[in-house]
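A.B. asks: build me a structure from this.
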Amino acid sequence: MATGPDTAEPGSSSSEVPQLQLQSTCTGHKQAVSAVRFSPSGNLLASASADKTLRLWRVADGTAADPSSTAMEHGGGINDVAWNPQGNYLATASDDLTARIWDVESGKCLVTLAGHTNYVFCCRFNPVGHILATGSFDETIRFWDVRSGRCLRELPAHSDPVSSMDFTYDGTVLASCSFDGLLRLWETHNGHCLKTLAIDNGASPLSHVCFSPNGQYMLQASLSNKLQLVNFESGKVAKTYNGHKNTKFCSMSTFTATLGPRPCIAAGSEDGSIYFWDVNSRKVVQQLLGRASSADPGDGHCAAVLCVAAHPSRPMVASAGHEPDCTVKIWSATGAT
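C.D. replies: The predicted structure is shown next:
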């Protein structure tokens, strides 16, 4: 099992990885931005914030693309956002104990999903888009029919808040992780728990999980300055990535296959930086440096980076910051716009 990466000099990049530069800074959120997601087409970027709002941005120039007809708001902070595969619906998970489905074009709330008894912290559409999974601080996972808003199944999933989830590419399995330190795999058609993994004996709270593009691995983040690549079949750790700082906040990491000839992993750091690792070598191939304050020179965030998302087809990533930063940033390689 790998224990740690070789690292490049801070702020440097591998010659095989296109140098990312700041393309746009999107301002408007008043509190921490908890999640960013590119649309399936890559033309829009959605951001969710503790200020209770969901916002849309044009990727080409970073300008606001919010529907003018209505404000996309919850009664509490928004913790997560997800696009359906068709790109016409968005789902949000909120501290107001609900999830909501939104029409992207009109900005109208189509359905409110109520039933969780504590904060709704994460949400994911299945690959077909007709089912939404939600995870909550009430320690359960719920599956919802997107059209009717009916709860199809409730799973007593963990013994602490459910922090993150992701579907396999075919939608047959859902991975979930929790502050209880466990990673679990669920059959989606019947809710049966296929496997429970206690990496590092469950010593650290887990804050994020996502599947690799080929579906053979899962990337899990823990509040111990560590990312781990876990084999889907064996449940064993194949690689470990470190160098970033992450002990306080749930931070979304991601795979990206558009930054060079080999896939990379991208993650934010609580010092305001963004790290990129080569998946196979575990080397830090690029680091976008943060700033100590908004008055300091530079393009980076001036607070913890809470989320990083990869563009579906171009060498581009988006990131967002905690307070007092509260910005969404779009980074691209030269000519990627």
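A.B. asks: which parts of the stretch 1-150 of the chain are strands?
C.D. replies: Along the stretch 1-150 of the chain, counting by DSSP state E, counting those that start in this stretch, strands occupy 20-26, 33-38, 44-49, 54-58, 78-83, 89-94, 98-103, 109-114, 120-125, 131-136, 140-145.
A.B. asks: list the helices and strands the third one packs on?
C.D. replies: If contacts are counted by 3 or more C-beta pairs under 8 Å, 6 or more residues apart in numbering; DSSP states H and E, strand 44-49 sits against strand 33-38, strand 54-58, strand 78-83, strand 328-333. (C-beta placed from N, C-alpha, C; glycine too.)
A.B. asks: between those, which one is closest to Trp186.
C.D. replies: Checking the helices and strands packed on strand 44-49 against Trp186 by C-beta to C-beta gives strand 78-83 as the closest, at 17.3 Å.
A.B. asks: what's the closest one in contact with?
C.D. replies: 34-40, 46-50, 52-54, 89-95, 119-125, 132 (C-beta atoms under 8 Å, 6 or more residues apart in numbering).
A.B. asks: redo that, cut-off 7 Å
C.D. replies: For strand 78-83, contacts defined as C-beta atoms under 7 Å, 6 or more residues apart in numbering pick out 34-35, 37, 39-40, 46, 48-49, 52, 54, 90-95, 119-125.
A.B. asks: hang on, the earlier thing: mean neighbour count for the strands of the stretch 1-150 of the chain - can I get that in TSV?
C.D. replies: Shown next, in TSV, are the strands of the stretch 1-150 of the chain (neighbours: other C-beta atoms under 10 Å):
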stretch	mean neighbour count
strand 20-26	18
strand 33-38	25
strand 44-49	25
strand 54-58	21
strand 78-83	25
strand 89-94	26
strand 98-103	23
strand 109-114	17
strand 120-125	26
strand 131-136	26
strand 140-145	21
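A.B. asks: format these as a markdown table; extra columns: distance to Gly272.
C.D. replies: Output for these, formatted as a markdown table (distance: least, C-beta to C-beta, whole Å):
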| stretch | distance to Gly272 |
| --- | --- |
| strand 20-26 | 13 |
| strand 33-38 | 13 |
| strand 44-49 | 17 |
| strand 54-58 | 20 |
| strand 78-83 | 21 |
| strand 89-94 | 25 |
| strand 98-103 | 30 |
| strand 109-114 | 34 |
| strand 120-125 | 23 |
| strand 131-136 | 27 |
| strand 140-145 | 32 |
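A.B. asks: low-confidence bits of this protein, can you list those?
C.D. replies: Applying pLDDT under 70 to the chain flags the ranges 1-17, 68-70, 202, 335-337.
A.B. asks: show me where it has its helices.
C.D. replies: Taking DSSP state H, the chain contains no helices at all.
A.B. asks: just give me the residue closest to the centre of it.
C.D. replies: The geometric centre of the chain, computed from its C-alpha atoms, lies nearest to Met252 (C-alpha atoms, centre = their mean), at 3.8 Å.
A.B. asks: distance check, Ser34 against Leu155.
C.D. replies: Noted for Ser34: a distance of 23 Å to Leu155, by C-beta to C-beta, to the nearest Å.
A.B. asks: can you check Tyr217 too?
C.D. replies: To Leu155, Tyr217 is 23 Å away according to C-beta to C-beta.
A.B. asks: which residue sits closest to Met165, ignoring its sequence neighbours?
C.D. replies: Once flanking residues are discounted, Met165 sits nearest to Ser176: 4.7 Å by C-beta to C-beta, 6 or more residues apart in numbering.
A.B. asks: one step back: if the residue nearest to the centre of the chain is in a bridge, with which residues?
C.D. replies: Cys307 (DSSP bridges).
A.B. asks: test my guess that it contacts Cys307.
C.D. replies: Yes. Assessed by C-beta atoms under 7 Å, Met252 is found in contact with Cys307 at 4.0 Å.
A.B. asks: what do those two both touch?
C.D. replies: Common neighbours of Met252 and Cys307, counting by C-beta under 7 Å, 6+ apart, are Ala35.
A.B. asks: residues touching Asp299, list them.
C.D. replies: The neighbourhood of Asp299, defined by C-beta under 7 Å, 6+ apart, consists of Leu22.
A.B. asks: please enumerate residues in contact with stretch 305-318?
C.D. replies: Contact with stretch 305-318 is made by 18, 20, 32-38, 40, 42, 45, 249, 251-256, 258-259, 266-269, 272, 274, 319-322, 328-333, 336, as judged by C-beta under 7 Å, 6+ apart.
A.B. asks: how many neighbouring residues does Thr63 have?
C.D. replies: Using other C-beta atoms under 10 Å, Thr63 has 10 other residues around it.
A.B. asks: isn't the residue nearest to Met165 right up against Gly135?
C.D. replies: Yes. Ser176 lies in contact with Gly135 (C-beta under 7 Å); the separation is 6.1 Å.
A.B. asks: which residues are in contact with both of the two?
C.D. replies: Contact criterion C-beta under 7 Å, 6+ apart; residues shared by Ser176 and Gly135: Ile141, Val162, Met165.
A.B. asks: so the first one sits against Arg153, correct?
C.D. replies: No. Shown here, Ile141 and Arg153 do not form a contact pair, counting by C-beta under 7 Å, at 8.4 Å.
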